[in-house]
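Q: below is the sequence, then the predicted model.
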Amino acid sequence: MTVTKTRTAVVTGSSSGIGLGIARGLAGAGMNVVLNGIEPEDQIEPIRKAIEADFGVGARYDRANLMAPEGVAELIDGAVEAFGAVDVLVNNAGIQFVSPVEDFPDEKWQAIINLNLSAAFYATKAVVAGMKARGWGRIINIASAHGLVASPYKSAYVAAKHGIVGFTKTIALETAEHGVTVNAICPGYVWTPLVEKQIPDTAKARGISEEAVIRDVLLASQPTKKFATVEEIAALAVFLTSDGAASITGTALPVDGGWTAH
């Protein structure tokens with residue numbers, strides 16, 4: 001009888017929204033999961049316990065601050081200490097800020113680049129040697145349709161997500177002969193706290209109502225005229241970790257209701 005070691009997934013920015021959906025999806029596929037966010041531990045403890053109870057796997061929550069390399073190292077080191085290795089890395093953590101470039105605060109630019117782009121670099125750097133040595137690994141970067149096309153007033157976010165797509169391709173080439181795949185998922189608008197939060201900011205920047213933001217801005221380029229769901233993104237992430245996706249690497253996969261088909 002062959003005993004298969006339980007794999008472990010680290011999902012950054014996974015205390016809610018897309019990240020939590022992906023973490024639950026991977027737990028449902030039989031993986032231990034490491035959650036990450038900025039919320040107090042007592043707030044996330046019911047979520048962590050529910051994952052263990054629902055799926056019979058180990059779940060850990062780490063509040064490591066991913067704005068600095070030291071925080072990313074803390075997250076990965078804690079995962080390895082708890083579960084032995086990191087087999088799947090999902091770089092999902094992200095923030096958004098909407099403003100015309102001439103008014104864009106310097107500190108907001110730096111924060112978005114640090115969390116949305118640099119944290120993925122440091123986390124990947126920390127796990128990829130182990131994946132290559134074991135001959136198996138999955139790195140999934142949550143980019144955005146804004147990693148493929150642009151929108152006004154989102155200079156930092158669009159720059160970071162374009163960077164993630166390029167980073168994905170580069171690391172896929174570096175790991176292609178080692179049983180490691182690296183892919184980016186590029187969601188369009190998914191109904192999450194991040195999207196909900198940017199609606200009033202966009203309304204203010206454009207001088208229109210929040211209803212008009214949803215109708216004429218957020219979903220204007222999404223031909224299905226509906227938000228994607230967290231569950232749809234999670235299902236794709238789970239597939240990318242499966243044996244059926246072993247030859248899919250270096251791709252940027254839109255889940256955008258046809259947005260980038262324009």
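A: Happy to help now that I have it. All figures in this text were calculated on a predicted structure; none of them were measured in a lab. Residues are numbered from 1 along each chain as shown.
Q: how about the strands in the stretch 1-150 of the chain?
A: Taking DSSP state E, counting those that start in this stretch as the test, the strands found in the stretch 1-150 of the chain are 8-11, 32-36, 59-62, 88-91, 137-142.
Q: the ones you listed into a markdown table, with extra columns for distance to M131 and mean pLDDT?
A: The way it works is simple: take the backbone N, C-alpha and C, and place the C-beta from them, glycine included. Output for the strands of the stretch 1-150 of the chain, formatted as a markdown table (distance: least, C-beta to C-beta, whole Å; pLDDT from 0 to 100):
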| stretch | distance to M131 | mean pLDDT |
| --- | --- | --- |
| strand 8-11 | 12 | 98 |
| strand 32-36 | 15 | 98 |
| strand 59-62 | 19 | 98 |
| strand 88-91 | 8 | 98 |
| strand 137-142 | 3 | 99 |
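Q: with distance to A212 added, can I get the ones you listed in a markdown table?
A: Formatted as a markdown table, these follow (distance: least, C-beta to C-beta, whole Å):
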| stretch | distance to A212 |
| --- | --- |
| strand 8-11 | 34 |
| strand 32-36 | 35 |
| strand 59-62 | 38 |
| strand 88-91 | 33 |
| strand 137-142 | 28 |
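Q: now the ones you listed as JSON lines including mean neighbour count and distance to I18?
A: Below are these laid out as JSON lines (neighbours: other C-beta atoms under 10 Å; distance: least, C-beta to C-beta, whole Å):
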{"stretch": "strand 8-11", "mean neighbour count": "28", "distance to I18": "9"}
{"stretch": "strand 32-36", "mean neighbour count": "29", "distance to I18": "13"}
{"stretch": "strand 59-62", "mean neighbour count": "22", "distance to I18": "17"}
{"stretch": "strand 88-91", "mean neighbour count": "29", "distance to I18": "9"}
{"stretch": "strand 137-142", "mean neighbour count": "26", "distance to I18": "6"}
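Q: out of the ones you listed, the one nearest V80 is which?
A: Closest to V80 of the strands of the stretch 1-150 of the chain is strand 8-11 (C-beta to C-beta; 8.5 Å).
Q: where does the protein have low pLDDT?
A: Residues of the chain meeting the criterion pLDDT under 70: 1-4.
Q: correct me, but V11 touches V34?
A: Yes. Counting by C-beta atoms under 8 Å, V11 touches V34, with 7.0 Å between them.
Q: what's the spacing between G30 and F55?
A: In this view, G30 and F55 are 7 Å apart by C-beta to C-beta, to the nearest Å.
Q: looking at those two, which has the bigger crowd around it?
A: Neighbour count, other C-beta atoms under 10 Å: between G30 and F55, F55 has more, with 19 against 12.
Q: show me what contacts that one?
A: With contacts defined as C-beta atoms under 8 Å, 6 or more residues apart in numbering, F55 is in contact with 24, 27-28, 30.
Q: mind giving me the ChimeraX command for buried ones among those residues?
A: In ChimeraX, this line selects whichever of the contacts of F55 come out buried by 16 or more other C-beta atoms under 10 Å:
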select :24,27
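Q: domains of this structure?
A: Following automatic domain parsing, one gets these domains for the chain: 8-188+229-252, 190-227.
Q: just put those domains in a markdown table and tack on distance to A261.
A: Formatted as a markdown table, the domains of the chain follow (distance: least, C-beta to C-beta, whole Å):
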| stretch | distance to A261 |
| --- | --- |
| domain 8-188+229-252 | 11 |
| domain 190-227 | 7 |
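Q: go through these and pick out the most buried.
A: Between those, domain 8-188+229-252 has the highest mean count of neighbours, a mean of 20, where neighbours are mean count of other C-beta atoms under 10 Å.
Q: show the end-to-end separation of that one, please.
A: 23 Å (C-alpha to C-alpha, to the nearest Å).
Q: how about the nearest residue to T12 once chain neighbours are set aside, phi and psi?
A: Spatial nearest neighbour of T12, excluding adjacent residues (C-beta to C-beta, 6 or more residues apart in numbering): A93 at 3.9 Å. Dihedral angles of A93 (phi, psi; degrees, to the nearest 10) stand at phi -60, psi 140.
Q: before I go, just wanted to say thanks for your time.
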